[in-house]
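> My questions concern the predicted model and sequence given below.
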Amino acid sequence: MRHRDPAWQPAAGAAGPGLPRVAWGKGAYVVDTEGRRYLDASGGPAVFCLGHGNDEVNAAIVRQLERIAHGYRYSFTSDPLEELEARIRAAAGECYTGVVPVSGGSEAVESALKIALQYHSARGEPGRRRFIARRRSWHGNTLGALAVSDFLARRAPFEGALTEASFLPSVNAYRPPAGVAPAELGAHAAAALEAEILRLGPERVAAFIFEPVVGAAGCVVPPPPGYAARVREVCDRHGVLLIADEVMCGSGRCGSWRALAADGVEPDLFAIAKGLGAGYIPLGAAVYHRRVAEVIDAADGGPLTGHTFTGHTVACAAGVAVQTIVARERLVERVAAEGPRLQAALAAELAGVEAVGDVRGRGFFIGLELVADRERRTPFDPALGVAGRIGEAARGLGMLCYPVAGIVDGSRGDGILLAPPYNATAAELEELVALTGRAVRAALAGLPR
């Protein structure tokens, strides 16, 4: 029996049974072939940060297509490629001199892993091959990215073929380890990382990879205060690279262009995708610090990773157009300002719903965790399919959200992820709040007694 992905994405990536057929979209709304309109409250999987059908982005794509679709990266450079790389460096910080544009998040993470390994080889430490990650993390569908991911349903068919990695406990202030006070969680989790590095032997560890704000696997879990800075210190102490997977939470989604900027931390490498090109053309990038670039450039002349469509010209042109709009309209700043208000409005709307255990997030990246017992924070029985029920109820009301299951331990735990466009209007955000409340109440009312 094939698993139904709770986020409406079939396991094999093919069209799913029973799904509506999309017709068109404009702004924050999508319309199917039956004429039903949906508020896209999650931006698909947190990707459509400018909404749908943006005329300026579409025009940039058409203009580039009229010239050439793609100048093969190893035969040509191009204006869109160089401009996108320059914009990424400017937004990320000038210390990030290395950029490898790719076709999506999984490729971006895979490239970051490869660059980390190449860096250690170039430094004369080829024994550093082990990666450390965290439970309830998701880094992508390629075999390398999957190997450092802890999403049980998505890993299961490939176990035995995945490179061995170490997994630390998830870091979630709503569900801290027994006996650990919330104020101590950051230090406790950083100490666990150091203990694992020492157990393995620092000379064997290549990098620690984590999502600064966990996306689908944990349903939007921000880091506890001080955690990221402590992790940075641990990695520096042992010569371990720090990789930030910002595919979902980065490119402005959390109210800063780099998600980790809010924590005052610079990773050695980070991966971006969804908000970079806003879903108009598949696009991502692996970005790395000057200190990494200097080593691999001296040894190898550059990163030893790339694909046929690395730096795809039309994709880069789309990314430039998206990032032009984001910068010109100060949308990252808008997300930073409006995000706390949106989260507070959702918390107020759902305050009387006992099954809503936690409303959390950063910027326009918000998660709701549903529990059977709020006081004990007990998850619902997975057989009830609470997250999927809420997704179905929302769809029936004319809203798309991102339901996720297994957010506690891989099998138990239900959550709803919300990620509206950065340019959603005040009225659209109010509609999101109201429809979310209605969908949650309707789904819970329909649970078997």
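Looks like it arrived, so ask away. Residues are numbered from 1 along each chain as shown.

> all contacts plus neighbour counts: C-alpha atoms, from now on.
Noted.

> hey, where'd the helices end up in this structure?
Secondary structure of the chain by DSSP state H: the helices cover 43-46, 55-67, 79-92, 105-122, 143-147, 152-155, 185-200, 227-238, 274-277, 290-300, 313-328, 331-349, 386-397, 426-445.

> Mind telling me which of those helices the model trusts least?
Here these differ in mean pLDDT, and the lowest is helix 152-155 at a mean of 87.

> Check which residues of that helix are buried.
Of the residues in helix 152-155, Leu152, Arg154, Arg155 count as buried by neighbour count, 16 or more other Cα atoms under 10 Å.

> Include distance to Ile88 when you put these into a markdown table, please.
As requested, the buried residues of helix 152-155 are arranged in a markdown table below (distance: Cα to Cα, whole Å):
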| residue | distance to Ile88 |
| --- | --- |
| Leu152 | 33 |
| Arg154 | 31 |
| Arg155 | 32 |
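
> closest to Ala183 among the residues you listed?
Leu152 (29.5 Å; Cα to Cα).

> correct me, but that closest one touches Gly410?
Yes - checked against Cα atoms under 8 Å, the pair Leu152 and Gly410 is within contact range at 5.7 Å.

> residues in contact with the nearest residue to Gly98 once chain neighbours are set aside?
Excluding the flanking residues, the one nearest Gly98 by Cα to Cα, 6 or more residues apart in numbering is Tyr288, at 4.9 Å. By Cα atoms under 8 Å, 6 or more residues apart in numbering, Tyr288 lies in contact with Tyr96, Thr97, Gly98, Val99, Ala112, Asp268, Leu269, Phe270.

> quick one on the thing from earlier: distance to Val30 added to the helices of the chain, as TSV?
Output for the helices of the chain, formatted as TSV (distance: least, Cα to Cα, whole Å):
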stretch	distance to Val30
helix 43-46	10
helix 55-67	16
helix 79-92	28
helix 105-122	23
helix 143-147	31
helix 152-155	28
helix 185-200	40
helix 227-238	37
helix 274-277	18
helix 290-300	41
helix 313-328	19
helix 331-349	21
helix 386-397	11
helix 426-445	13
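
> Residue nearest the middle of the chain, spatially speaking?
Geometric centre of the chain, nearest residue: Met248, 1.8 Å, by Cα atoms, centre = their mean.

> what sits against that one?
Counting by Cα under 8 Å, 6+ apart, Met248 has contacts Pro45, Ala46, Val47, Gly215, Ile272, Ala273, Lys274, Gly275.

> next one: Val353
Each residue near Val353 by Cα under 8 Å, 6+ apart is listed here: Arg441.

> how much space between it and Ala439?
To Ala439, Val353 is 12 Å away according to Cα to Cα, to the nearest Å.

> again, but for Gly363
22 Å.

> Stretch 184-194: which residues count as buried?
Neighbour-count burial for stretch 184-194 [16+ other Cα under 10 Å]: Glu184, Leu185, Gly186, Ala187, His188, Ala189, Ala190, Leu193, Glu194.

> again but with stretch 325-343, I slipped
Buried, per 16+ other Cα under 10 Å, within stretch 325-343: Val326, Leu331, Val332, Glu333, Arg334, Val335, Ala336, Glu338, Gly339, Pro340, Leu342, Gln343.

> Format the residues you listed as CSV; extra columns: distance to Glu164.
Converted to CSV, those look like this (distance: Cα to Cα, whole Å):
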residue, distance to Glu164
Val326, 39
Leu331, 40
Val332, 37
Glu333, 40
Arg334, 41
Val335, 38
Ala336, 38
Glu338, 41
Gly339, 38
Pro340, 39
Leu342, 40
Gln343, 38
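
> before we move on, back to that, using JSON lines, lay out the buried residues of stretch 184-194 together with distance to Leu162.
As requested, those are exported to JSON lines (distance: Cα to Cα, whole Å):
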{"residue": "Glu184", "distance to Leu162": "34"}
{"residue": "Leu185", "distance to Leu162": "30"}
{"residue": "Gly186", "distance to Leu162": "29"}
{"residue": "Ala187", "distance to Leu162": "30"}
{"residue": "His188", "distance to Leu162": "29"}
{"residue": "Ala189", "distance to Leu162": "25"}
{"residue": "Ala190", "distance to Leu162": "26"}
{"residue": "Leu193", "distance to Leu162": "21"}
{"residue": "Glu194", "distance to Leu162": "24"}
